[in-house]
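*Asks:* coords below, sequence missing:
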């Protein structure tokens, strides 16, 4: 039943997204486009500011080379008294009565708490980092941030700084009229369709390209908003029996519990060298699961490469491996060529293991992308982190040093 509903929703969303490609420009022109776009955004900001309470769901489809199309959602809302929430499949953030709370779906016994200073986006970034949970633009608008600050939220933790590029009035195949505002960044472009009656966001699409990647390697995202002016249910948070911790890295998932044996693995690097876990005993091992189509993985890999460089410079018995997994393609050869081209384009020096059939990923209980696992010299799990998190590099260095100390 649930699968059927999700499939129906996905088909409806895909149909809407197809409709967005067939538009007719009825109001456009180079003169004053940017100024008109800014006026549209200012009017939208006022509309969200003047609404006392709202609930919304952003449903979006990510389409990238080597990946399956997948519908994701981010739910969010605001209510009286400067209360806010935003959540996805993994994380949920709530701001209420001057306190910010962060919970993780697979960690039922802990939560993060921080002071909330009436800037939801700022505290969200400081606690959750630039990971999968992002500040929705309507929340920033409701808080009364200026247009430039609201535009910054449209980057979704993926795009470089945006500038307004143009405006036009369009009609979709659904016969609805939209105010379309276009943006451009050094690594992509974005457009948002705004309802000219309610001034709420209704559709969004963007594409992003990692620097140096092969021609045509683009990740495209298309999404729809479903705003509902409503104060029900009220925004609440109940700690219950959960204990409070100070940061996201202390929300330790039991999926790969510290002290449990790390699964065995044997994979080849991109140049055909075999690497097996039993051959790495005596060293602390860091593995970073990634895929070419996973945009947050691009940032995580840069952090991992810096860790590899640091370990070499410090002459530490630390082995760092990226593990490519969950790539889609007709055969292993096609996937390998894509991964090799991506790896060369990024200039990474650390080895990456090719998990063609995702066997290692599954053996590690499908930890998510991106995710980092630290393994002790004796072959046990030291730490597991899913997604990006604040001070990632320094945190991993500290945990690696702790792993080396425990081995002595």
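*Replies:* Received it, and whenever you're ready, just let me know what you need. Just so you know, these numbers come straight off a predicted model, no measurement behind them. Numbering: from 1, shown residues only.
*Asks:* residue contacts, the nearest residue to residue 346 once chain neighbours are set aside?
*Replies:* Closest residue to residue 346 in three dimensions, ignoring its sequence neighbours and counting by Cβ to Cβ, 6 or more residues apart in numbering: residue 212, at 6.1 Å. From N, CA and C alone the C-beta is placed, and that goes for glycine too. Counting by Cβ atoms under 8 Å, 6 or more residues apart in numbering, residue 212 touches 345, 346, 347.
*Asks:* can you verify my assumption that residue 213 contacts residue 342?
*Replies:* Yes. Using Cβ atoms under 8 Å, residue 213 makes contact with residue 342 at a distance of 6.2 Å.
*Asks:* I'd like to know which of the contacts of residue 212 is nearest to residue 275.
*Replies:* residue 346 (20.0 Å; Cβ to Cβ).
*Asks:* measure the residue nearest in space to the middle of the chain to residue 371 for me?
*Replies:* Centroid-nearest residue in the chain, with Cα atoms, centre = their mean: residue 132, separated by 2.6 Å. Residue 132 sits 11 Å away from residue 371, going by Cβ to Cβ, to the nearest Å.
*Asks:* re the thing from before, dump the contacts of residue 212 to a markdown table, plus pLDDT, neighbour count and secondary structure.
*Replies:* Shown next, in a markdown table, are the contacts of residue 212 (pLDDT from 0 to 100; neighbours: other Cβ atoms under 10 Å; DSSP: H, G, I helix; E, B strand; the rest coil):
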| residue | pLDDT | neighbour count | secondary structure |
| --- | --- | --- | --- |
| 345 | 92 | 15 | helix |
| 346 | 94 | 15 | helix |
| 347 | 93 | 8 | coil |
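*Asks:* avg pLDDT for stretch 192-209?
*Replies:* Taken as a whole, stretch 192-209 carries a mean pLDDT of 97.
*Asks:* same thing with stretch 265-284?
*Replies:* Here stretch 265-284 scores 95 as its mean pLDDT.
*Asks:* what's the end-to-end length of it?
*Replies:* Taking Cα to Cα, to the nearest Å, the first and last residues of stretch 265-284 lie 15 Å apart.
*Asks:* mind listing what's buried in it?
*Replies:* Applying a neighbour-count criterion of 16 or more other Cβ atoms under 10 Å, one finds 265, 267, 270, 275, 277, 280, 283, 284 buried in stretch 265-284.
*Asks:* give me the neighbour count for residue 141.
*Replies:* For residue 141, the neighbour count with other Cβ atoms under 10 Å is 27.
*Asks:* tell me how far it lies from residue 127.
*Replies:* For residue 141 relative to residue 127 (Cβ to Cβ), the value is 21 Å.
*Asks:* for residue 352, same thing?
*Replies:* In this structure, residue 352 and residue 127 are 30 Å apart, going by Cβ to Cβ.
*Asks:* where along this structure do the helices fall?
*Replies:* 2-20, 33-50, 120-128, 137-142, 147-153, 295-313, 332-346, 359-363, 392-407 (DSSP state H).
*Asks:* tell me how many other residues crowd residue 305.
*Replies:* Neighbours around residue 305, by other Cβ under 10 Å: 18.
*Asks:* ok, it - contacts?
*Replies:* 348, 349, 350.
*Asks:* quick check: the second one touching residue 308?
*Replies:* Read that as residue 349. Yes. Assessed by Cβ under 8 Å, residue 349 is found in contact with residue 308 at 7.0 Å.
*Asks:* those two: who's more crowded?
*Replies:* Between residue 349 and residue 308, counted using other Cβ under 10 Å, residue 308 has the larger neighbour count: 20 against 9.
*Asks:* my read: the more buried one touches residue 320, true?
*Replies:* Yes. Judged on Cβ under 8 Å, residue 308 makes contact with residue 320 at a distance of 3.9 Å.
*Asks:* which neighbours do those two share?
*Replies:* Common neighbours of residue 308 and residue 320 (criterion: Cβ under 8 Å, 6+ apart): residue 350.
*Asks:* what lies in contact with stretch 384-397?
*Replies:* If you take Cβ under 8 Å, 6+ apart as the criterion, stretch 384-397 is touched by 90, 125-132, 247-249, 252-253, 255-256, 258, 286, 296, 299-300, 303, 306-307, 310, 367-368, 370-374.
*Asks:* ChimeraX command for the buried members of these?
*Replies:* The ChimeraX command for the buried members of the contacts of stretch 384-397 (criterion: 16+ other Cβ under 10 Å) is given here:
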select :90,125,127,128,129,130,131,132,247,248,249,252,253,255,256,286,296,299,300,303,306,307,310,367,368,370,371,372,373,374
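*Asks:* would you mind measuring the gap between the ends of stretch 148-159?
*Replies:* End-to-end distance (Cα to Cα), stretch 148-159: 15 Å.
*Asks:* hmm, who's touching that stretch?
*Replies:* Contacts for stretch 148-159 (Cβ under 8 Å, 6+ apart): 41, 45, 121, 130-132, 134-137, 139-141, 161-162, 164, 183, 185, 187-188, 190, 192, 204, 206, 208, 221, 295-296.
*Asks:* mind running it again at 7 Å?
*Replies:* Identification of contacts with stretch 148-159 by Cβ atoms under 7 Å, 6 or more residues apart in numbering yields 41, 45, 121, 130-131, 134-137, 140-141, 162, 183, 185, 187-188, 190, 192, 206, 208, 295.
*Asks:* I figured residue 66 hits residue 324, correct?
*Replies:* No. If you go by Cβ atoms under 7 Å, residue 66 and residue 324 don't touch, sitting 9.9 Å apart.
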